[in-house]
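Undergrad: here are the coordinates; sequence isn't available:
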């Protein structure tokens, strides 16, 4: 976890999600010109700090085409910022709430999810929260946990 201030490095563009952990925003990395997703976890009263540390370690140490890539992390005041690759297709939950997916499309998404789970399990990692909100898509057809 970096202690440097990421505010100059990332320009926040929009909030793309929220949950019990905090918020996720789409941002622009001024150094690389790439879009990223930043998960901002409020550490105040966070009873699950070890879970958060484990999430960082799993993402950092388990690179796979079917697992979202960890890029960096920062401690900003009482928040931990996890910087990850941005999945421009949104979550599977978002997609299925707006459109119909064919059986073949669902089979392809399921296959990619299973590849990611197989990779994690072969590295002794249990995901523990597989659901449509946590399955991310890209417009190029990539599917990641």
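TA: Looks like it came in fine. The structure displayed is predicted, hence computed values, not measured ones.
Undergrad: and the next element down the chain from the longest strand seen in the chain?
TA: Counting residues, the longest strand found in the chain (DSSP state E) is strand 10-19. Sequence order places strand 22-29 as the next helix or strand after strand 10-19, per DSSP states H and E.
Undergrad: Can you name every helix or strand that that next one contacts?
TA: For strand 22-29, the packing partners by 3 or more Cβ pairs under 8 Å, 6 or more residues apart in numbering; DSSP states H and E come out as strand 10-19, strand 35-42. Where C-beta positions appear, they are placed from N, C-alpha and C, glycine not excepted.
Undergrad: Now do the shortest one against strand 22-29: the angle between them, please.
TA: Calculated by axes from the mean of the first three to the mean of the last three Cα atoms, to 10 degrees, strand 35-42 forms an angle of 150 degrees with strand 22-29.
Undergrad: Report the mean per-residue pLDDT for strand 35-42.
TA: Strand 35-42 shows a mean pLDDT of 94 in the predicted model.
Undergrad: Run the chain-centre distance for the helix or strand just after it.
TA: Later in the chain than strand 35-42, the nearest helix or strand by DSSP H and E is helix 49-61. Centroid displacement of helix 49-61 relative to its chain, using Cα atoms, centre = their mean, to the nearest Å, is 12 Å.
Undergrad: hey, what's residue 27 bridged with?
TA: As for beta bridges, residue 27 partners with residue 12, residue 36 under DSSP bridges.
Undergrad: quick one: contacts for it?
TA: Each residue near residue 27 by Cβ atoms under 8 Å, 6 or more residues apart in numbering is listed here: 10, 11, 12, 13, 35, 36, 37, 38, 83.
Undergrad: Which among those residues count as buried?
TA: 10, 36, 37, 38, 83 (16 or more other Cβ atoms under 10 Å).
Undergrad: correct me, but the third one touches residue 23?
TA: Going back to what we said before, that points to residue 37. No: contact criterion Cβ atoms under 8 Å: residue 37 and residue 23 do not qualify, at 10.7 Å.
Undergrad: Same list (the helices and strands packed on strand 22-29) but as CSV, adding distance to residue 115.
TA: Converted to CSV, the helices and strands packed on strand 22-29 look like this (distance: least, Cβ to Cβ, whole Å):
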stretch, distance to residue 115
strand 10-19, 24
strand 35-42, 21
